[in-house]
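A.B. asks: structure for the following, please:
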Amino acid sequence: MESLGERLRSRKLVQWTIAYLAAGFALLQLADFLKDAFGWPTVVLRVLTVVVAFGFLAILVLAWYHGEKGHQHIAPTEIALLTAITVSTFAASWYIAVTTPAEAVSGGVAPAGDTRFASMDDPAAAPASIAVLPFLNMTPNEQNDYLTDGITEDIITELGKVQGLRVISRTSVMRYKQSDKNIREIAGELGVGTVLEGSVRVQGNRVRIVAQLIDAATDTHLWAETYDRDLKDILAVQSEVARAIAGALNARLLPSALASAPEMPSVDPDAYRLYLRGKSMANSTSDEERTLAAALLDSAIARDPDLAPALAARVGLQVPVNLESASLPAPPSPGADPIFEMATKAAALHPDAAGPRSSVNLIRAIRSRDIEAAEHAAMEAIDANPNSVPDRLRYAQILYARGKSDEAVREMQKAAANDPMSPMVHAQIGEYMMAAGRDQEAEAHLLKAVQLDSMSTRAHLALGTFYSDQGRVDDAIRELQKARKLAPADPVVIGALGYTLARAGHSEEARKIAGELEQAGAAVRGANSVIAQVYAGLGDTEQAVEWLRKDVTVDGRGWSYMFVSPRVRHQMEQLRKVPQLAHLMDSLEIRIDVRRSPGDSLRGGATPQGSRSRNDGRR
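C.D. replies: Prediction:
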């Protein structure tokens, strides 16, 4: 050992090691600084770290053979060792480069031609993510808030067309309109890496948009720009902003998206204002607001017949927001359809815009009751805008109706990734998890929905149904009573409470609820079935059969029942527990598959005559 120690000292191995470690550390610090300054991808720093690590082995070999004065000859062993280290360095660097996530390879998103990471199949692993915070209204008139919010939403829509870029929906970002949270907090809650913030000032028909892109992790500015334009050029400005952001993120675009977007035409400022007012109500579930949205969009189109976004929004308004509650019209009669004409014109004005075409195809499929065509049209809509939450939800509902429950759940998860602060999305995904037998995940999403909006009727209703199915009767009654306070006249809510009370042995209260429902009449589709459900819970088979017969004579019921939610399917299947009702449901072709064990698929829609679930109708 003394001889080895003397040899190490004579070769100055310690000095070589300290000098190399100091130089290597300084090199990595410099590279990290240059990475931020010049926007180098993270993979450069990772590969350099590997090279420095293997370089340490090389320096030990060099010190051993050349550190002692008078021993400068090159030995064959030295050459072999340095060759092995060099080969290992190249191999490790190559492995790091090819296995590094795409955001580190491209500085934000998947590089051109790399499809491994560009897919939206796993939203959590999306190459890049961004939240567009509500732009500030710098106009003294607060009534222009709708204009500022509309411009924000249009920029979100433009960015949503970027492949591989996860864009948080308007619903979630609007929660931060008056928030005093900092960028890092907001980005953490939304799960994004970059944030766009800005302001809008409108004076007459002049508009100034100031936008800046911020890296949430470092709180540094990646890009900033100010646009002073005429309001008639607003479409061009929005497209330019989205294209600049995509460039800053080094994003790869869909063929039909921003990279190949044609020059945007000028618009009539007043028509654009009407369009923004209408669009803000277009995704509402309120029939009154959607009717008003249609009127505003029609006015915008009348004023500017070539306003493509208004035409597309008017066409999209005909697509039900939620297929579960949609009233499905009969197939169209021969002749011209103004909605289809609008879609054709919108596509002609903007040939690369697939949105109107997919909307028309979905409308046609719904009217023709063609479930396969509906699925294809829903996929077209997602191809046009991978970040559209309404399109994702509709696609999930169609998949579930076709029996593709696992795929439906995945689509719901993608919607939740794009709209993490939406109680409606969490309530829906909770119901789908519930139907798939994934109880822990179902409860987590349903509790999240209630946490996000304690005034959400659907959230309390779904959570109450879940607790009822779990045998947690007291918890179920509590949640269903909350739902009833929020929607005292909703037969579905009242019926769910009545059924749960009946199961819990509160027969008098359940009969009282059944009487209330009978007096109220069939206020919504399926109301009589809800009454039948309460009587089934009470064990009054005669009354249950009588009310069930009244609610299954609607023409086209097979299509309608395909799209009821997993929660409603569960409620309907409770009737199958009574043999007489099960026979009646089969004879009337109400065949709705029920819950299976995790991993099994739900066939959805019509099933073989008299088919049964292995779990005896639990869902």
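
A.B. asks: quick check: buried residues in stretch 398-410?
C.D. replies: 398, 399, 400, 401, 402, 403, 404, 405, 406, 408, 409, 410 (16 or more other Cβ atoms under 10 Å). (C-beta placed from N, C-alpha, C; glycine too.)

A.B. asks: right, I mislabeled it, should have said stretch 157-173
C.D. replies: 157-173.

A.B. asks: how long is it end to end?
C.D. replies: Stretch 157-173 has its terminal residues 13 Å apart, counting by Cα to Cα, to the nearest Å.

A.B. asks: now the element after the helix or strand residue 292 falls within, going C-ward?
C.D. replies: For residue 292, the host element (DSSP states H and E) is helix 287-303. Next along the chain after helix 287-303, taking DSSP H and E as the criterion, comes helix 308-316.

A.B. asks: now the helix or strand following that following helix - C-alpha only, PDB.
C.D. replies: Later in the chain than helix 308-316, the nearest helix or strand by DSSP H and E is helix 338-349. What follows is helix 338-349, C-alpha atoms only, in PDB (Å, rounded to 0.1, in the frame of the first residue of the first chain):
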ATOM      1  CA  PRO A 338     -78.700  26.300 -44.500                       C
ATOM      2  CA  ILE A 339     -76.300  24.800 -42.000                       C
ATOM      3  CA  PHE A 340     -74.600  22.600 -44.500                       C
ATOM      4  CA  GLU A 341     -74.400  25.600 -46.900                       C
ATOM      5  CA  MET A 342     -72.700  27.600 -44.200                       C
ATOM      6  CA  ALA A 343     -70.200  24.800 -43.600                       C
ATOM      7  CA  THR A 344     -69.400  24.600 -47.300                       C
ATOM      8  CA  LYS A 345     -68.800  28.300 -47.500                       C
ATOM      9  CA  ALA A 346     -66.600  28.300 -44.400                       C
ATOM     10  CA  ALA A 347     -64.500  25.500 -45.900                       C
ATOM     11  CA  ALA A 348     -64.300  27.400 -49.200                       C
ATOM     12  CA  LEU A 349     -63.100  30.600 -47.400                       C
END
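
A.B. asks: returning to what we had before: tell me which two of the buried residues of stretch 398-410 sit farthest apart.
C.D. replies: 401 and 410 (15.5 Å; Cβ to Cβ).

A.B. asks: tell me where this structure has strands.
C.D. replies: Here the chain has its strands, by DSSP state E, at 128-132, 136-137, 165-167, 194-203, 206-215, 220-230.

A.B. asks: of these, which is nearest residue 470?
C.D. replies: That would be, of those and by Cβ to Cβ, strand 165-167, which comes in at 33.4 Å.

A.B. asks: give the rounded mean pLDDT of the closest one.
C.D. replies: On average, the pLDDT along strand 165-167 is 87.

A.B. asks: same for that strand, what does it pack against?
C.D. replies: Applying 3 or more Cβ pairs under 8 Å, 6 or more residues apart in numbering; DSSP states H and E, one finds that strand 165-167 contacts strand 128-132, helix 145-160, helix 405-418.

A.B. asks: domains of this structure: list them as residue ranges, please.
C.D. replies: Listed domain ranges for the chain are 2-100, 123-260, 475-619 (source: automatic domain parsing).

A.B. asks: which one of those domains has the lowest average pLDDT?
C.D. replies: domain 475-619 - the lowest mean pLDDT of these, at a mean of 66.

A.B. asks: thank you kindly, that will do.
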